[in-house]
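Engineer: Sequence isn't available, so here's the structure alone:
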């Protein structure tokens with residue numbers, strides 16, 4: 001058909017297709033089988049007949065078709081009205097009358113069927129549908145496919161729209177709507193999200209609380225550590241203070257004990273000597289108390305070591321016990337010491353065993369009332385095929401309750417004592433005793449009963465015990481007779497025909513005076529109040545020996561010893577270090593500096609004097625050794641010590657200049673990088689010869705070698721070894737060897753022949 005408008009440009013043509021359902025005889029017509037009647041009707045012929053119609057009477061269908069939903073399918077299965085699915089009704093009424101539909105999250109495969117209410121050629125109806133929230137646009141279909149399928153729909157709310165058009169394409173724009181709600185699973189419901197939020201909030205709160213608790217705990221632990229560290233530092237400061245005070249006590253104790261030893265030896269009146277011995281014993285006890293504080297310090301830092309030495313332990317224990325007789329007399333206590341063996345040789349630490357006995361006997365006398373008893377018993381025992389020495393200290397004192405007997409060896413433990421007793425002690429004596437016994441691989445325990453007394457038993461393993469009968473002397477030992485005879489005065493010490501020179505470096509005026517007063521008879525004394533002054537005097541005066549304290553201002557004894565031993569001008573001077581520090585690490589540190597000896601205050605003056613004498617004798621023997629080395633072979637010497645290195649360098653310099661008659665002492669000192677005075681003192685101290693004598697002796701020994709082994713004349717030899725004239729050479733040669741140069745070769749051969757025959 002066409003529509004005619006006055007404006008040709010607005011002419012429109014619409015086409016509509018008809019088929020057999022519309023009344024056509026078929027879909028094909030014969031060619032030229034067409035006719036238009038006088039009424040305006042059109043006739044078309046075909047194989048199945050003809051069609052006759054009036055175009056004016058054919059009008060489009062303007063009826064707007066209604067559309068309805070006809071079926072609901074879940075998982076491709078139709079859902080009936082009131083039918084239960086998984087225990088619940090989905091469609092309480094017809095789908096066409098339902099406005100909303102609710103499905104579970106697992107019912108996500110759903111289909112909708114629909115139909116248009118147009119019964120004129122219904123197969124030519126057209127449809128359009130969409131699922132709002134899922135489809136973006138309309139989906140078109142024909143009358144043959146009246147079904148919309150949806151799968152895997154996410155939980156949420158959707159709206160299904162569907163509209164239809166009749167066979168002439170007239171659309172019903174008012175679409176049918178069905179609201180579809182897909183329920184989420186439980187874990188996606190608001191309540192579940194609320195639980196999630198609550199859970200995570202709880203977790204965060206708990207984590208925060210835990211973090212705060214841990215931070216608070218760490219802070220408290222750190223506070224406790226800091227407090228413990230502060231307490232430990234405070235304890236260490238206290239211990240260090242008592243240690244330093246104890247070290248300070250040792251110097252005045254030295255000034256008490258050392259002069260007291262000398263006074264006791266020189267005392268003629270026996271009663272006066274007993275009084276002096278009483279003073280000496282109590283000074284020794286005071287020293288033991290000081291040493292006990294130092295031992296406690298060593299226990300804290302685990303520096304206790306055993307220093308065993310072979311000795312008669314029975315005699316040693318008896319001697320220590322004897323020092324308590326004055327306390328026994330004062331308190332009217334019967335004191336006895338007896339042993340089942342007379343003598344026993346074995347290695348033990350003298351100092352530590354003395355402390356063990358001192359602590360046990362001090363406690364026994366301290367807690368035993370007047371008219372009581374204290375006894376020391378020594379006897380041999382066997383245990384597990386081991387011989388043991390049992391040392392028992394028995395008293396009739398106040399005793400110890402059974403529940404406290406296991407704790408008395410703990411540090412700072414103090415048992416309750418009667419109010420009438422005072423000065424119960426520091427509480428560290430028995431703990432130190434136990435540590436000392438352990439060092440001897442022994443054991444200690446106590447048997448006690450309150451009001452009746454105590455028995456402390458110490459068991460020490462016997463490493464070596466020769467068979468000794470009571471009354472017999474041990475083999476290889478001598479019993480020193482107890483006599484009041486005073487020792488002979490020490491022999492005079494001489495070096496090169498004169499008294500040796502000692503440099504004493506000490507900052508304590510009293511101790512310096514004591515050493516000076518006792519050593520001035522045998523030595524020339526130089527003194528210095530600190531290490532700095534001592535170094536200057538050692539460098540300027542070259543003493544034969546230096547005695548130096550360690551703790552001094554300006555420069556301590558350790559640094560002074562290092563300077564002396566590392567400087568080639570003073571390295572030959574021996575050094576003895578004195579100190580109140582009794583630790584082994586201090587001794588090692590002192591000896592590592594090169595010190596020849598190390599003595600701890602307080603000390604016996606005679607021991608100091610003996611060590612000085614021994615060191616000077618050793619220096620004298622070393623000097624003779626150097627002289628022999630020069631005499632035997634000038635060009636061959638072994639190098640061991642700095643002093644030997646110095647001698648070797650001196651000989652090497654003379655060797656290089658042996659034929660130079662102008663080679664002088666100044667030249668030699670310049671090659672050795674020291675002054676002429678220093679060279680003179682050092683060479684004289686080491687070889688006993690002045691530099692001039694050293695050079696001349698070396699030349700003469702080389703001349704003797706040349707005369708013996710070469711064919712040179714006497715004049716040639718004289719000039720070869722640096723003499724200006726053969727006459728002076730002959731004079732000095734004869735003085736050195738008691739033979740003239742001409743007679744020396746024959747005399748040497750004669751001596752060799754005589755030595756060979758012998």
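Structural biologist: Structure's in. What do you need? Everything numeric here is computed off the predicted structure, so don't read it as measured data.
Engineer: Now for residue 673: which residues touch it?
Structural biologist: Listed by CB atoms under 8 Å, 6 or more residues apart in numbering, the contact partners of residue 673 are residue 568. Every C-beta, even on glycine, is put in place using the N, C-alpha and C of the backbone.
Engineer: Helix or strand for it, just tell me which one.
Structural biologist: Assigned by DSSP states H and E, residue 673 belongs to no helix or strand.
Engineer: now swap in the one 10 residues further on and tell me
Structural biologist: Taking DSSP H and E as the definition, residue 683 sits inside helix 676-687.
Engineer: ditto for residue 553
Structural biologist: Using DSSP H and E, no helix or strand contains residue 553.
Engineer: about what we covered before: tell me the helix or strand right after the helix holding residue 683.
Structural biologist: Assignment by DSSP H and E places the next element after helix 676-687 at helix 691-709.
Engineer: Quick one: residues in contact with that next one.
Structural biologist: Contacts of helix 691-709 (CB under 8 Å, 6+ apart): 630-631, 634, 650-651, 654-655, 658, 663, 665, 668-669, 676, 679-680, 683, 687, 689, 712, 714, 717-718, 720-723, 729, 732-733, 736-737, 741, 744-745, 748.
Engineer: my read: residue 152 touches residue 106, true?
Structural biologist: No - counting by CB atoms under 8 Å, residue 152 does not reach residue 106; the two are 11.0 Å apart.
Engineer: residue boundaries of the strands in the stretch 501-650 of the chain?
Structural biologist: Assigned by DSSP state E, counting those that start in this stretch, the stretch 501-650 of the chain shows strands spanning 501-505, 524-528, 545-549, 575-579, 597-600.
Engineer: my bad, the stretch 251-400 of the chain
Structural biologist: 309-312, 334-339, 345-348, 373-383, 386-395.
Engineer: Distance to residue 534 and mean neighbour count added to the ones you listed, as a markdown table?
Structural biologist: Below are those laid out as a markdown table (distance: least, CB to CB, whole Å; neighbours: other CB atoms under 10 Å):
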| stretch | distance to residue 534 | mean neighbour count |
| --- | --- | --- |
| strand 309-312 | 33 | 14 |
| strand 334-339 | 47 | 16 |
| strand 345-348 | 39 | 19 |
| strand 373-383 | 47 | 16 |
| strand 386-395 | 46 | 19 |
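Engineer: need those strands in a markdown table with distance to residue 438 and mean pLDDT, can you?
Structural biologist: Formatted as a markdown table, those follow (distance: least, CB to CB, whole Å; pLDDT from 0 to 100):
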| stretch | distance to residue 438 | mean pLDDT |
| --- | --- | --- |
| strand 309-312 | 19 | 87 |
| strand 334-339 | 24 | 90 |
| strand 345-348 | 14 | 89 |
| strand 373-383 | 17 | 90 |
| strand 386-395 | 15 | 90 |
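Engineer: Which of those strands sits closest to residue 90?
Structural biologist: Evaluated over those, closeness to residue 90 peaks at strand 373-383, with 97.4 Å, by CB to CB.
Engineer: Contacts for that closest one next, please.
Structural biologist: Residues contacting strand 373-383 (CB under 8 Å, 6+ apart): 314, 317, 321, 324, 328, 333-341, 357, 361, 364-365, 368, 387-396, 453, 459, 462, 465.
Engineer: number of nearby residues for residue 234?
Structural biologist: Close neighbours of residue 234, defined as other CB atoms under 10 Å, add up to 10.
Engineer: oh, I was asking about residue 512
Structural biologist: For residue 512, using other CB under 10 Å, the count is 18.
Engineer: tell me the contacts of it?
Structural biologist: 504, 506, 527, 529.
Engineer: go with 6 Å
Structural biologist: residue 506 (CB atoms under 6 Å, 6 or more residues apart in numbering).
Engineer: how much space between residue 60 and residue 110?
Structural biologist: 37 Å (CB to CB, to the nearest Å).
Engineer: Neighbour count for the two, which is higher?
Structural biologist: residue 110 (24 against 13).
Engineer: wouldn't that one be in contact with residue 150 here?
Structural biologist: Yes - shown here, residue 110 and residue 150 form a contact pair, counting by CB atoms under 6 Å, at 5.5 Å.
Engineer: Mutual contacts of the two, please.
Structural biologist: Counting by CB under 6 Å, 6+ apart, nothing touches both residue 110 and residue 150.
Engineer: about what we covered before: neighbour count: residue 152 and residue 106, which is higher?
Structural biologist: Ranked by neighbour count (other CB under 10 Å), residue 152 and residue 106 place residue 106 first, with 11 against 6.
Engineer: For the more buried one, give its distance to residue 76.
Structural biologist: Counting by CB to CB - residue 106 and residue 76 are separated by 15 Å.
Engineer: Also residue 46?
Structural biologist: For residue 46 relative to residue 76 (CB to CB), the value is 44 Å.
Engineer: confidence score at residue 328?
Structural biologist: pLDDT for residue 328: 85.
Engineer: Give me the neighbour count for it.
Structural biologist: Other residues close to residue 328 by other CB under 10 Å number 19.
Engineer: Excluding chain neighbours, what is closest to it?
Structural biologist: residue 335 (3.7 Å; CB to CB, 6 or more residues apart in numbering).
Engineer: One more: residue 736?
Structural biologist: In space, residue 736 is closest to residue 700, 4.7 Å off (CB to CB, 6+ apart).
Engineer: One more: residue 558?
Structural biologist: Closest to residue 558 by CB to CB, 6+ apart is residue 593, at 5.6 Å.
Engineer: Over stretch 568-587, what's the mean pLDDT, rounded is fine.
Structural biologist: 74.
Engineer: ok, the residue nearest to residue 558 touching residue 563?
Structural biologist: No - using CB under 6 Å, residue 593 makes no contact with residue 563, being 9.5 Å away.
Engineer: Can you show me the helices along the stretch 601-750 of the chain?
Structural biologist: In the stretch 601-750 of the chain, the helices defined using DSSP state H, counting those that start in this stretch lie at 605-632, 642-656, 665-671, 676-687, 691-709, 714-720, 726-737, 744-757.
Engineer: Would you convert those helices into TSV that also reports mean neighbour count and mean pLDDT?
Structural biologist: TSV is the format used below for the helices of the stretch 601-750 of the chain (neighbours: other CB atoms under 10 Å; pLDDT from 0 to 100):
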stretch	mean neighbour count	mean pLDDT
helix 605-632	16	71
helix 642-656	18	81
helix 665-671	17	82
helix 676-687	20	77
helix 691-709	19	83
helix 714-720	18	81
helix 726-737	16	83
helix 744-757	11	62
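Engineer: can you put the ones you listed in TSV and add distance to residue 194?
Structural biologist: Formatted as TSV, the helices of the stretch 601-750 of the chain follow (distance: least, CB to CB, whole Å):
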stretch	distance to residue 194
helix 605-632	93
helix 642-656	90
helix 665-671	100
helix 676-687	98
helix 691-709	107
helix 714-720	118
helix 726-737	119
helix 744-757	119
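Engineer: Minimum distance to residue 142: which of these has it?
Structural biologist: helix 642-656 (121.0 Å).
Engineer: can you list the weak-confidence ranges in the stretch 51-200 of the chain?
Structural biologist: Nowhere does the stretch 51-200 of the chain drop to pLDDT under 70.
Engineer: coming back round to it: show me what the helix holding residue 683 is packed up against.
Structural biologist: helix 605-632, helix 665-671, helix 691-709 (3 or more CB pairs under 6 Å, 6 or more residues apart in numbering; DSSP states H and E).
Engineer: can you give me the angle the lengthiest helix in the chain makes with strand 575-579?
Structural biologist: Scanning the chain for the helix with the most residues, using DSSP state H, yields helix 190-266. For helix 190-266 against strand 575-579, the angle between stretch directions is 110 degrees (axes from the mean of the first three to the mean of the last three CA atoms, to 10 degrees).
Engineer: Figure out how far helix 190-266 is from the centre of its chain.
Structural biologist: 17 Å (CA atoms, centre = their mean, to the nearest Å).
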